[in-house]
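In: need a 3D model of the following:
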Amino acid sequence: MSCCGGGKKAGGEDGTRIDVQEYYGKVLKTNQDLKTDACSDASNMPLLVKKVLGQISDEVMSTYYGCGLVVPDDLENLDGLRILDLGSGSGRDCFLLSKFVGEQGHVLGVDMTENQIQIANRNIEFHREAFGYSKANVSFKQGYIENLADLGLEDNSFDIVISNCVINLSPKKEQVLREVYRVLKPGGEFYFSDVYADRRVPKSLQENKVLWGECISGALYWNDFITLAKKSGFRDPRLVEDRVLNISNVRIQELLGLRKFFSATFRLWKLEDLEGSCEDFGQAVIYNGKITSYPDFFRLDHEHTFLTGKVSPVCGNTLSMIRNTRLQPYFTVVGDGAVHYGIFEGCGKSIPFTSARSAAQPDAGGGCC
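Out: Numbering: from 1, shown residues only. A predicted model of the protein is given here:
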C-alpha cells in the first residue's frame with residue numbers, strides 16, 4: 001500500500017479500506033501519478049543503502065509510494081533479525097532490508113492491496129538471486145495492519161517494525177499502535193515515517209478520497225499522535241527528522257487553507273522502564289564509532305547526536321534506549337545511576353514551584369539529555 005491521491009469517500013471503515021485499495025491498486029500506476037510530495041523520499045541515503053537500491057527491480061521501484069527512508073541506522077547489526085513492514089506495498093523496503101538481515105533473518109511485509117502484494121510476490125525470486133541467497137528470506141501477507149493477530153503474528157515476535165507513510169491511511173490508528181507494541185520483542189523498535197498535521201483535520205476533508213489517498217486528510221494531529229503512542233505503551237516517542245509537505249496542486253491548496261502537513265520519522269521503543277519525563281541520574285555514554293556508515297557520530301533522534309569518543313550526559317530514558325536495545329554494542333556507559341538529580345534542565349519541563357525559579361542554582365554544566 002504505502003501512502004499516497006475525487007469525490008467523497010465511501011462510508012465507514014470498510015469504505016475507507018475499499019477507497020485506499022482502489023487508489024493504490026487501480027488509480028496509481030507509478031509514483032509519477034501522485035499529486036503531492038507526501039510520498040516523495042527526500043532523505044539523504046547512506047552509501048550502503050544506495051548500493052542495495054541499485055539491485056532492487058525496476059517494477060518494485062516504480063510502484064514505491066513511501067514518504068521517507070525507513071531504514072535503521074545500524075544496518076551492519078541487523079543480521080539474523082526479524083523485521084515486519086506494515087503497508088509494505090510492492091516490497092521496496094522489505095527487499096532492501098532483506099539484504100541486511102541475511103539468510104538467517106527474515107522480513108515480512110503486510111499490505112491490504114492485492115495488486116501490490118502480487119507485485120511483491122513475483123519479485124521475491126528476483127531478489128533472492130540478486131542477493132545470492134540459497135533461500136528467500138522475505139514473505140508477504142495480505143491483510144490489515146490493525147489486525148495482525150488475524151494473520152497469525154504472535155506476541156513478542158519481531159525485533160523491528162517499520163512503516164512507510166501508511167498509518168495515516170488506517171481508520172484505526174490507535175489499534176495499529178497497540179498491535180505494533182504487542183508483536184515487538186522487549187527492547188524492540190518501531191521505526192517509521194508518516195504524515196502529521198499541525199491541527200486536527202475536519203471530517204469534511206477526511207471524506208475526500210483524493211486527500212485521504214494522498215496521505216493528507218487521514219493524517220493525525222501531531223499531539224494526538226504523541227498521546228496515542230504513549231497510551232499504546234510507547235512512553236517516550238522520539239522524532240528523528242521531519243519536513244514540511246510541498247503541496248503544489250492549486251485545488252488541494254484551496255481545500256486545505258492554512259493547515260500545514262509534515263512528513264516525519266519517529267522511533268518508538270518497547271521498553272518498560274521508560275519514564276514520562278527526562279530524569280537525571282548523573283549518567284553518560286560514549287559512542288565508539290563502530291557503525292560503518294557513521295564513524296564520526298551517531299544520531300539517535302533530532303535532539304541527541306553522539307560524537308565518537310565524547311562523553312555525553314544522558315537522561316534515564318535515553319540511556320535505556322541505548323543500553324537495553326540492539327544499540328548497546330556501540331556505546332560505553334559512564335555512571336551507575338544510583339543517585340537521582342531531578343529533571344534535566346532544558347528538556348521541556350522544569351520544577352513547577354515559582355519560589356524555586358529565583359533561587360540560585362550551582363552550574364553543573366552539561367545540557368539536555
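In: every contact and neighbour count from this point should use C-alpha atoms.
Out: Will do.
In: then Gly66 would be within a helix, right?
Out: No. Assigned with DSSP: H, G, I helix; E, B strand; the rest coil, Gly66 falls outside any helix and is coil.
In: my read is that it contacts Asn164, right?
Out: Yes. Counting by Cα atoms under 8 Å, Gly66 touches Asn164, with 5.2 Å between them.
In: can I get stretch 143-153 in PDB, CA atoms only?
Out: Output of stretch 143-153 as PDB, limited to C-alpha atoms (Å, rounded to 0.1, in the frame of the first residue of the first chain):
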ATOM      1  CA  GLY A 143      -4.300  -8.200   5.400                       C
ATOM      2  CA  TYR A 144      -5.000  -5.200   7.600                       C
ATOM      3  CA  ILE A 145      -2.200  -3.600   9.700                       C
ATOM      4  CA  GLU A 146      -4.600  -3.000  12.600                       C
ATOM      5  CA  ASN A 147      -5.500  -6.800  12.700                       C
ATOM      6  CA  LEU A 148      -2.100  -8.500  12.800                       C
ATOM      7  CA  ALA A 149      -3.400 -11.300  15.100                       C
ATOM      8  CA  ASP A 150      -5.700 -12.400  12.200                       C
ATOM      9  CA  LEU A 151      -2.600 -13.000  10.200                       C
ATOM     10  CA  GLY A 152      -1.100 -15.300  12.900                       C
ATOM     11  CA  LEU A 153       1.500 -12.800  14.100                       C
END
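In: other residues contacting it?
Out: The list of residues contacting stretch 143-153 from outside it, by Cα atoms under 8 Å, 6 or more residues apart in numbering, reads 86-87, 110-112, 141, 170, 172-173, 175-177, 179, 183.
In: next one: Gly309 from Val240, what distance?
Out: Going from Gly309 to Val240 by Cα to Cα, to the nearest Å gives 22 Å.
In: compare the two (neighbour count), which wins?
Out: Val240 (18 against 15; other Cα atoms under 10 Å).
In: what about Arg52, how many residues nearby?
Out: Heads up, residue 52 is Val, not Arg. Neighbour count of Val52, defined by other Cα under 10 Å: 16.
In: what strand or helix carries it?
Out: Using DSSP states H and E, Val52 sits in helix 47-53.
In: does the residue lying closest to Leu211 once chain neighbours are set aside sit in a helix, a strand or a coil?
Out: Here the nearest residue to Leu211 in space, its sequence neighbours aside, is Ser217; by Cα to Cα, 6 or more residues apart in numbering that works out to 5.3 Å. Following three-state DSSP, Ser217 is assigned to coil.
In: and Ser217, what does it touch?
Out: 201, 205-208, 211.
In: and the gap between it and Asn223?
Out: Counting by Cα to Cα - Ser217 and Asn223 are separated by 16 Å.
In: repeat that for Arg122.
Out: Arg122 is 40 Å from Asn223, by Cα to Cα.
In: residue ranges with poor pLDDT in the stretch 1-150 of the chain?
Out: Applying pLDDT under 70 to the stretch 1-150 of the chain picks out residues 1-44, 67-68.
In: mind running it again at 50?
Out: Applying pLDDT under 50 to the stretch 1-150 of the chain flags residues 4-10, 20, 23-26, 28-33, 42.
In: just the strands in it please.
Out: 82-86, 106-111, 138-142 (DSSP state E, counting those that start in this stretch).
In: next one, pLDDT for Asp363 please.
Out: What the model reports as pLDDT for Asp363 is 55.
In: could you pull out the helices for the protein?
Out: Remark: helices assigned in the chain by DSSP state H are 12-22, 47-53, 58-62, 92-101, 114-121, 124-131, 173-183, 203-206, 209-213, 222-231, 250-256, 316-323, 354-357.
In: could you dump the ones you listed into a markdown table and include distance to Thr305?
Out: Listed next are those as a markdown table, based on distance: least, Cα to Cα, whole Å:
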| stretch | distance to Thr305 |
| --- | --- |
| helix 12-22 | 38 |
| helix 47-53 | 20 |
| helix 58-62 | 32 |
| helix 92-101 | 24 |
| helix 114-121 | 36 |
| helix 124-131 | 33 |
| helix 173-183 | 26 |
| helix 203-206 | 37 |
| helix 209-213 | 35 |
| helix 222-231 | 22 |
| helix 250-256 | 35 |
| helix 316-323 | 11 |
| helix 354-357 | 29 |
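In: can you tell which of these is closest to Asp74?
Out: helix 92-101 (9.8 Å; Cα to Cα).
In: for the closest one, packing partners?
Out: Applying 3 or more Cα pairs under 8 Å, 6 or more residues apart in numbering; DSSP states H and E, we find helix 92-101 packed against helix 47-53, strand 82-86, strand 106-111, strand 138-142.
In: how does it look with 6 Å?
Out: Packed against helix 92-101 by the contact rule (3 or more Cα pairs under 6 Å, 6 or more residues apart in numbering; DSSP states H and E) you find no helix or strand.
In: what does that helix contact?
Out: Residues outside helix 92-101 that contact it (Cα atoms under 6 Å, 6 or more residues apart in numbering): 60, 78-81, 107.
In: how far away from the center of its chain is that helix?
Out: From the chain centre to the centre of helix 92-101 is a distance of 15 Å (Cα atoms, centre = their mean, to the nearest Å).
In: for the residue nearest to Leu211, report the pLDDT, please.
Out: For Ser217, pLDDT reads 91.
In: neighbours around the closest residue to Phe262 other than its chain neighbours, how many?
Out: With Cα to Cα, 6+ apart as the criterion, Phe262 has its nearest non-adjacent residue at 4.5 Å, and that residue is Val244. For Val244, the tally of surrounding residues (other Cα under 10 Å) stands at 15.
In: got it, and His340?
Out: 12.
In: how near is it to Leu86?
Out: Distance from His340 to Leu86, by Cα to Cα: 39 Å.
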